[in-house]
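Colleague: sequence? don't have it. structure:
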């Protein structure tokens, strides 16, 4: 996720005043920007406030600016703040004393109720003076990592007489009817205290330090739209699919934008225009990628048997590991030799560039035992049954997969890991795996509102099983490591109970104030790197509880020593278990991976296709990346596991 990004998005097609022509694609553009932030940059939905048409009045925009941005306690200084506006711009003659006596025109963004009559005159738009004051106030509170993106224009004087062009221009002349009193009455409440820089006019201020402004066109030009969208917004969204945004500055972005027609030239202004886009904040590392380096004729990948890699596992090769930037496949790699924490691979497909180093992502696990699925057919689910049958391979097609894991369809439920039954907008998954059934609800329901939701849920279940059951039959490190679960005093953070695990299991009565720690005792004669995950079978979540610092020079679990996960320090937060509303109980697994050499285990993580996991904790993952060793010493690895059941008071698990 990109938890340090917040956005206010405004798109207006339909205007309240009958004297302002309506637009056709501003709302669509607003939702496209919202979709880009959520899907490409992984911005949480509640970090985005989107106002469209009648919800984008002047007062609601100003109110959202205060509540969602200025007064939002979740936004810390330096977080990235994006404000996007698509709609009409306008201008008016500057009244006396406006902006330090500058006698030019006032430029403004037109809200839904722009120009409509109110008790004291007409509603004026968000003027350049007001917006500058608002952004100055926001910058004082949250820092200067603010981006203002405007897909509109203000005074396309050369084209005012061309009435036929108006329906496609994001500009209205209605601002000329506003009086000086209207403009002053509509000022942002703190505008008079903020002096506007003299360099540049209106929104085209060249020396603003509070924010960077990206405008759809130059002064006197038109911001054009068609049914597909604003030409500027389309060019911007095209660029995000072709440019490496994580190393592109604002000014570089503007230089590379291609606007259809050639008569519209975007502009980037502000003292910070040479910064990386959005301060680089949204472009977080993608944990699904691991480092690769060339070793003679082979490609060495920092993933091995501990991750589930076997001979024949396939990876795609990429230039970087950053969310939100184009990252095309450079080559396909196939594993030829597997070691505990790394592997060697051959280039299976021709590479477009010489391979020296890069990043790889699993595209096919090549699990030796396919994940077996049985489809239940009913009259109500016949269509879903048929669609799933087409997507899933038959018994003879063992190498096919719906996703990254090998999956095959079987005829009988007793042969399957899960049985699937389609229902209205959901998929019922009945589990037959003994380990899960003995500890967790035997049936879960997954929402399937999108075309690929069912495939994603199946692949998540297959991937979950792959990691849940992985163990090393040749090594028994787990027999020489003791794992304990201890309830902590919330004030002193000291254990108040002995080990709650008995024969690898613990049953806890749900209490939202209880916190827990995990203890590890190493009785082996080797130092170990531990990696602890919570595996929630209800949501098929694999969530990291503890990942060691890759910058550390020595393993944290020394031979003969003990360590505690849940000390309250960064990277060792306490565990807090939770139940969803209405759940009498839930269960999951604490899965511990152990190795004698460091391994980047974040590859194991998996989000949920259903609901948030019932384990709530804050893991501070180190940002450092550990370079792979070209000649590591002999390595060992193993896993161990404990089942934890959370029971609501008065309920009994099945």
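Modeller: Good, I have the coordinates. Worth saying up front: this structure is predicted, and the values here are computed from it rather than measured. Numbers count the residues shown, from 1 in each chain.

Colleague: so what pLDDT did the nearest residue to residue 169 once chain neighbours are set aside get?
Modeller: The shortest distance from residue 169 to any non-neighbouring residue, by C-beta to C-beta, 6 or more residues apart in numbering, is to residue 222 (4.8 Å). C-beta coordinates here come from the backbone N, C-alpha and C atoms, glycine included. Here the pLDDT value assigned to residue 222 is 93.

Colleague: count of neighbours near residue 222?
Modeller: The number of residues packed near residue 222 is 23, by other C-beta atoms under 10 Å.

Colleague: you'd agree it is up against residue 154?
Modeller: No. Using C-beta atoms under 8 Å, residue 222 is not in contact with residue 154, being 10.3 Å away.

Colleague: need the residues touching each of these two.
Modeller: Residues touching both residue 222 and residue 154 by C-beta atoms under 8 Å, 6 or more residues apart in numbering: residue 171.

Colleague: about what we covered before: how close does the residue nearest to residue 169 sit to residue 357?
Modeller: Taking C-beta to C-beta, to the nearest Å as the measure, residue 222 falls 47 Å from residue 357.

Colleague: and for residue 12?
Modeller: 48 Å.

Colleague: out of these two, which sits in the more crowded spot?
Modeller: For residue 12 versus residue 357, neighbours defined as other C-beta under 10 Å are more numerous around residue 12 (31 against 13).

Colleague: can you tell me the closest non-neighbouring residue to the more buried one?
Modeller: Residue 12 sits nearest to residue 87 (C-beta to C-beta, 6+ apart), 3.6 Å away.

Colleague: run a quick neighbour tally on that neighbour.
Modeller: 32.

Colleague: repeat for the one 3 residues further on
Modeller: Residue 90 has 28 neighbours, counted by other C-beta under 10 Å.

Colleague: what residue, apart from its backbone neighbours, is nearest it spatially?
Modeller: residue 175 (3.4 Å).

Colleague: the one you found should be in a strand, yeah?
Modeller: No. Residue 175 sits outside any strand when classified using DSSP: H, G, I helix; E, B strand; the rest coil, being helix.

Colleague: who's in contact with it?
Modeller: 90-92, 106, 108, 110, 114-115, 124-125 are the contacts of residue 175 under C-beta under 8 Å, 6+ apart.

Colleague: pLDDT and secondary structure added to these, as TSV?
Modeller: Formatted as TSV, these follow (pLDDT from 0 to 100; DSSP: H, G, I helix; E, B strand; the rest coil):
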residue	pLDDT	secondary structure
90	94	strand
91	91	strand
92	90	strand
106	90	strand
108	95	strand
110	97	coil
114	95	coil
115	90	coil
124	92	coil
125	92	coil
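
Colleague: which among those count as buried?
Modeller: 90-92, 106, 108, 110, 114-115, 124-125 (16 or more other C-beta atoms under 10 Å).

Colleague: low-confidence ranges in the stretch 251-400 of the chain?
Modeller: Judged by pLDDT under 70, the stretch 251-400 of the chain has its weakly predicted residues at 262, 350-353, 377-400.

Colleague: strands of that one, start to end?
Modeller: Remark: strands assigned in the stretch 251-400 of the chain by DSSP state E, counting those that start in this stretch are 267-269, 289-295, 298-301, 314-318, 331-338, 343-347, 357-364, 371-375.

Colleague: same check, this time on the stretch 401-550 of the chain
Modeller: Using DSSP E, counting those that start in this stretch, the strands found in the stretch 401-550 of the chain span residues 407-410, 418-423, 426-431, 443-447, 481-488, 505-509, 515-522, 529-536, 541-546.

Colleague: most packed of these?
Modeller: strand 529-536 (a mean of 23; mean count of other C-beta atoms under 10 Å).

Colleague: what comes into contact with that strand?
Modeller: 464, 467-468, 518, 520, 541-548, 555-557, 563, 565, 575, 586, 588-599, 601, 604-605, 608, 613-615, 617.

Colleague: among those residues, name the ones in helices.
Modeller: 464, 467-468 (DSSP state H).

Colleague: most neighbours, which of these?
Modeller: Most crowded among those, counting by other C-beta under 10 Å, is residue 464 at 23 neighbours.

Colleague: need the contact list for it.
Modeller: 535, 537, 540, 542, 606.

Colleague: does the fourth one touch residue 604 like I think?
Modeller: By that I understand residue 542. Yes. Residue 542 lies in contact with residue 604 (C-beta under 8 Å); the separation is 5.7 Å.

Colleague: okay, and the common contacts of these two?
Modeller: Joint contacts of residue 542 and residue 604 (C-beta under 8 Å, 6+ apart) are 467, 533.

Colleague: let me have the strands of the stretch 401-550 of the chain in TSV, extended by distance to residue 293.
Modeller: As requested, the strands of the stretch 401-550 of the chain are exported to TSV (distance: least, C-beta to C-beta, whole Å):
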stretch	distance to residue 293
strand 407-410	32
strand 418-423	38
strand 426-431	40
strand 443-447	39
strand 481-488	31
strand 505-509	42
strand 515-522	31
strand 529-536	20
strand 541-546	25
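
Colleague: so for residue 647, which of those sits nearest?
Modeller: strand 505-509 (5.8 Å; C-beta to C-beta).

Colleague: angle of the closest one against strand 515-522?
Modeller: 160 degrees (axes from the mean of the first three to the mean of the last three C-alpha atoms, to 10 degrees).

Colleague: nearest residue to the residue lying farthest from the centre of the chain in space, please, no chain neighbours.
Modeller: Relative to the centre of the chain, and counting by C-alpha atoms, centre = their mean, the farthest-placed residue is residue 96 at 48.1 Å. Leaving aside its sequence neighbours, residue 96 sits nearest to residue 180 (C-beta to C-beta, 6+ apart; 7.0 Å).

Colleague: that neighbour against residue 95, yeah?
Modeller: Yes. Here residue 180 reaches residue 95: they are 3.2 Å apart, a contact under C-beta under 8 Å.

Colleague: ok, residue 226 - contacts?
Modeller: Neighbours of residue 226 in contact, by C-beta under 8 Å, 6+ apart: 24-25, 168.

Colleague: for it, give its distance to residue 29.
Modeller: 11 Å.

Colleague: how near is the residue nearest to residue 602 when sequence neighbours are not counted to residue 42?
Modeller: Distances taken as C-beta to C-beta, 6+ apart place residue 287 nearest to residue 602, at 3.8 Å, with adjacent residues excluded. Per C-beta to C-beta, residue 287 is found 11 Å from residue 42.

Colleague: with residue 336 instead?
Modeller: For residue 336, the distance to residue 42 - C-beta to C-beta - is 34 Å.

Colleague: quick one: which of the two has more around it?
Modeller: Neighbours were counted for residue 336 and for residue 42 using other C-beta under 10 Å; residue 42 has more, 17 against 14.

Colleague: follow-up on the earlier one: which pair of the contacts of residue 464 spans the longest distance?
Modeller: Pairwise over the contacts of residue 464, using C-beta to C-beta, the maximum falls at 537 and 606, 11.8 Å.
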